[in-house]
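A.B. asks: Sequence below, structure please.
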Amino acid sequence: MSAEFRLVFINHTWYQQNACDIANEILSLPTYIAKNSAYCLSGSPYWDNSKSRLFDVRLFLEDTQIFIEISAHPPRIEKDLAQLFTWIRSQTEIKILDDDGQISGW
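C.D. replies: Purely as a prediction, here's the structure:
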């Protein structure tokens with residue numbers, strides 16, 4: 001079972017103007033493996049697309065927020081997500097909400 005989060009931008013205009021920069025930051029993460037309908041991250045050093053679970057995290061860049069689905073969070077994933085969130089926070093104010101709408105510990 002996966003955990004779901006929403007990364008909400010206080011300044012929606014900033015997000016719309018900088019979505020490409022966010023995408024590039026995701027692409028630069030060491031755990032980035034693929035993009036289909038979402039940007040996928042895998043914490044396994046031996047990622048194999050023949051496995052049933054192809055990713056540990058999926059990031060969906062939506063119109064006003066980023067939807068985050070976390071299936072597993074090995075240390076490499078936690079490090080990369082923390083790096084991504086720190087970078088975004090250095091640019092603009094955000095909230096990361098859990099599936100109950102509560103502020104998460106991320």
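A.B. asks: what separates stretch 36-46 from the chain centre, distance-wise?
C.D. replies: A distance of 10 Å separates the centroid of the chain from that of stretch 36-46, by C-alpha atoms, centre = their mean, to the nearest Å.
A.B. asks: Next up, the contacts around the residue positioned nearest the centre of the chain.
C.D. replies: Centroid-nearest residue in the chain, with C-alpha atoms, centre = their mean: L59, separated by 4.2 Å. The contact partners of L59, taken as C-beta atoms under 8 Å, 6 or more residues apart in numbering, are I26, A38, Y39, C40, L41, I66, F67, I68. All C-beta atoms are positioned from the backbone trio N, CA, C, and that covers glycine.
A.B. asks: and it, that one's in a strand?
C.D. replies: Yes. The assignment for L59 by DSSP: H, G, I helix; E, B strand; the rest coil puts it in a strand.
A.B. asks: Spatially nearest residue to it, not counting backbone neighbours?
C.D. replies: Closest residue in space to L59, ignoring its immediate chain neighbours: Y39 at 4.4 Å, by C-beta to C-beta, 6 or more residues apart in numbering.
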